[in-house]
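**Q** quick check, what structure comes out for this input:
(chains A, B and C)
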Amino acid sequence: MPELPEVETIRRAIEPLISGQHLINLELRDPSILRGDTSTLRSSIIGKLVTGVSRRGKQLLLVLEGGWAIVIHLRMTGALLLEEPDPSRRVRAVLHLSNGTRLYFNDIRRLGTIALVKDLDGCCRRLGPEPLTGDFTPDILRQCLAGHRIPVKAALLDQHIVAGVGNMYADEALYEANIHPLTPANELSPGQISRLWEAIRAVLQRAIACQGASIATYALPSGERGTAHNLFNVAHKKDAPCPRCGTPITRVMVRKRGASFCPSCQQPGNHLG
DNA sequence: CCCGGAACCTGAAGGC
DNA sequence: TGCCTTCAGGTTCCGG
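**A** Sure, this is the predicted structure:
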């Protein structure tokens, strides 16, 4: 599933190909994926210069001249491909650039969305902090989690608390920080906050270096697969031995979401350090 | 604010 | 073999 490392990998791949080009056409093969005031906005972005490609959380932002932007969210099964896939029946939209580059928005389940926005700041304002920027400190993380009695696993998945972390990397970060997923977010000790902060950043950076995790349908724009899943300790590892202690990895449901963890290394009430 | 549940969506996997 | 149910997971919305 595309989380922050996967979206960042896609951003890095397409940025040099489309930045500085003009958007010739936004071909909508399945108009239902488009969000926002469609007809007016669509006509106002055609022909615009793409000034850059950025990312906010799991959202890919194609920034256009004049304050416009195309905001792409891949959700579960979305992909941006440089070549038309075969079969092509799941291509929902195609972006045509002035240098001939085409970006195929492929999405099996049609949960992914494309939004055309004028107010980029406004559309990202509700997201929590970016975990890989310099202003994300342990104290910022502490502030984000304060006041939330919900399980820390659920808090990490809430994009309004921290942006970009999804199910896989939340499980990996909690494992690396030795924190039980059901620990109330506002009951983490200073030491746990500090370890979790470090773990979130390490897990995400490592995954970016591996160009993302291709557990299911995720692929780079080139069609290649990422290799970050080879580093996973707990995510999608139910019943496998914990790399540290050998205890089989357990999977439980936390607020209707699967949570994989080591029941020995990540015990509740581990307020050590 | 806090929480649970449903909805969106399709393909894989499991039960019978 | 085939039908049926469940699950997977990101996000939003709605009700208590």
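**Q** show me what from chain A comes close to DNA strand C.
**A** Counting by CB under 7 Å from any atom of the strand, the residues of chain A close to DNA strand C are A:1, A:3, A:57-59, A:73, A:75-77, A:109, A:111, A:157, A:159, A:166-168, A:236, A:251, A:253, A:257-258. Where C-beta positions appear, they are placed from N, C-alpha and C, glycine not excepted.
**Q** of those residues, buried ones?
**A** Using 16 or more other CB atoms under 10 Å as the burial test, those include A:1, A:3, A:57-59, A:73, A:76-77, A:157, A:159, A:166-168, A:236, A:251, A:257 as buried.
**Q** go through the residues you listed and say which is closest to A:Ile208.
**A** A:Glu3 (10.5 Å; CB to CB).
**Q** could you find the closest non-adjacent residue to the closest one?
**A** Leaving aside its sequence neighbours, A:Glu3 sits nearest to A:Gly166 (CB to CB, 6 or more residues apart in numbering; 3.6 Å).
**Q** tell me which residues of the helix or strand of chain A with the lowest mean pLDDT are tucked away?
**A** Using mean pLDDT, DSSP states H and E, helix A:38-45 stands out as the lowest-scoring helix or strand of chain A, at a mean of 76. Buried residues in helix A:38-45, defined by neighbour count with 16+ other CB under 10 Å: A:41-42, A:45.
**Q** just stretch A:151-161 next, same as before
**A** Here stretch A:151-161 shows A:151-159, A:161 as buried, counting by 16+ other CB under 10 Å.
**Q** can you put those residues in JSON lines and add secondary structure and pLDDT?
**A** Below are these laid out as JSON lines (DSSP: H, G, I helix; E, B strand; the rest coil; pLDDT from 0 to 100):
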{"residue": "A:Pro151", "secondary structure": "strand", "pLDDT": "92"}
{"residue": "A:Val152", "secondary structure": "helix", "pLDDT": "93"}
{"residue": "A:Lys153", "secondary structure": "helix", "pLDDT": "93"}
{"residue": "A:Ala154", "secondary structure": "helix", "pLDDT": "93"}
{"residue": "A:Ala155", "secondary structure": "helix", "pLDDT": "93"}
{"residue": "A:Leu156", "secondary structure": "helix", "pLDDT": "94"}
{"residue": "A:Leu157", "secondary structure": "helix", "pLDDT": "93"}
{"residue": "A:Asp158", "secondary structure": "coil", "pLDDT": "93"}
{"residue": "A:Gln159", "secondary structure": "coil", "pLDDT": "92"}
{"residue": "A:Ile161", "secondary structure": "coil", "pLDDT": "92"}
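**Q** and those as CSV, adding distance to A:Cys245?
**A** Output for the buried residues of stretch A:151-161, formatted as CSV (distance: CB to CB, whole Å):
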residue, distance to A:Cys245
A:Pro151, 23
A:Val152, 21
A:Lys153, 20
A:Ala154, 25
A:Ala155, 26
A:Leu156, 23
A:Leu157, 26
A:Asp158, 30
A:Gln159, 32
A:Ile161, 30
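**Q** before we move on, the earlier item: which one of the buried residues of helix A:38-45 is nearest DNA strand C?
**A** A:Leu41 (17.2 Å; CB to the nearest atom of the strand).
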